[in-house]
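Engineer: fold the following and give me the result.
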Amino acid sequence: MSAPNQTGNRSSAVSAQQSQEAMEIDLVELLIRFVDKWYWIVASALVCTVIFAVYTFQFVTPLYQSTAKLYVVNSKNSAINLSDLQIGNYLAKDYKEVFTNWHVHERVIAELNLPYSYSQLNRMVSVNNPSDTRILYITVTSANPQEAKAMADMYAKVACEFIAVKMDQEQPNVFEEARVPTTPSSPNKTRNLLIGFILGAMIAIAIITIQFISDDRVRTPEDVEKVVHLPTLGVVTEQAVFRHGSHKTSKKSRK
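Structural biologist: Residues are numbered from 1 along each chain as shown. The predicted model follows:
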């Protein structure tokens, strides 16, 4: 019983080794195919880069961000300690909800005569509180840099008054007024162009890989050995076949 088992193990090991060698050969051939088709990869990458560039520069509206800062105070004439800092952090979290209140939105709309709805303002305004600080960052995103600065300052002013009246808390201080942004925050042109280049190259590589996998034509003696698992005894070139055929044709023409 041991002899058949050994024979089976040997055959399975041989077949596994052959499949591994075939896989290695296929990967090498695939890499060679990539090298041969490098111009298609580069061309596809450049075309996609141009498409992304046209989309980014012509169809995407630049957006600007401006930030005003509020300092959250807890009580007057008190030394700052750990508990005071923690209370300030809790208040900062509570104050974030102020900027989603429709009263605050309505006041800002009225003061600046804005054409936006409450849902649009919620998307334009973001409030962040850096860890271990009592400072609120009020950031406004707009297609108009002057409008972004004016809205950030107005939200800071209205929020301070709203907190003092409605929440019965000490009014925060304006720590820093917003500035007019000089460069857009989005889109990131360099990143978009890089994405277009990489995407174009990946598309070309995917197409070449699919063509390589689906191509089962036999071109070389090695392909014959992989298909029939038998060594080739000889190779007849296309030129020799052509000469042999033309020689027969010439004999028939003589007859």
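Engineer: how about the strands in the stretch 1-150 of the chain?
Structural biologist: 64-71, 125-128, 135-142 (DSSP state E, counting those that start in this stretch).
Engineer: could you dump the ones you listed into a markdown table and include distance to P115, mean neighbour count and mean pLDDT?
Structural biologist: Quick note: C-beta positions are derived from backbone N, CA and C, even for glycine. Output for the strands of the stretch 1-150 of the chain, formatted as a markdown table (distance: least, CB to CB, whole Å; neighbours: other CB atoms under 10 Å; pLDDT from 0 to 100):
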| stretch | distance to P115 | mean neighbour count | mean pLDDT |
| --- | --- | --- | --- |
| strand 64-71 | 17 | 21 | 93 |
| strand 125-128 | 15 | 16 | 90 |
| strand 135-142 | 12 | 21 | 92 |
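Engineer: ok, which of the ones you listed comes nearest A156?
Structural biologist: Nearest of the strands of the stretch 1-150 of the chain to A156, taken as CB to CB: strand 64-71 at 4.2 Å.
Engineer: which elements pack onto that closest one?
Structural biologist: In terms of contacts (3 or more CB pairs under 8 Å, 6 or more residues apart in numbering; DSSP states H and E), strand 64-71 is packed against strand 135-142, helix 145-166, strand 173-176.
Engineer: run the last query once more with 10 Å
Structural biologist: Using 3 or more CB pairs under 10 Å, 6 or more residues apart in numbering; DSSP states H and E as the contact test, the elements touching strand 64-71 are helix 82-96, strand 125-128, strand 135-142, helix 145-166, strand 173-176.
Engineer: just give me the lowest mean pLDDT stretch among these.
Structural biologist: For these, mean pLDDT drops lowest on helix 82-96, to a mean of 61.
Engineer: was I right to think Q171 contacts A156?
Structural biologist: No: applying CB atoms under 10 Å, one finds Q171 not in contact with A156, separated by 11.3 Å.
Engineer: now do the shared contacts for these two.
Structural biologist: Shared contacts of Q171 and A156 (CB atoms under 10 Å, 6 or more residues apart in numbering): L70.
Engineer: the two: who's more crowded?
Structural biologist: Residue environment comparison for Q171 versus A156 gives the larger neighbour count to A156, 23 against 15, counting by other CB atoms under 10 Å.
Engineer: which non-adjacent residue is nearest that one?
Structural biologist: Once its chain neighbours are removed from consideration, A156 has its nearest residue in A68; the separation is 4.2 Å (CB to CB, 6 or more residues apart in numbering).
Engineer: quick one: the helices in the chain?
Structural biologist: Taking DSSP state H, the helices of the chain run over residues 2-36, 38-54, 82-96, 102-112, 118-124, 145-166, 189-214, 221-228, 238-254.
Engineer: show me the contacts for R191.
Structural biologist: By CB under 10 Å, 6+ apart, the contact list for R191 reads F52, T56.
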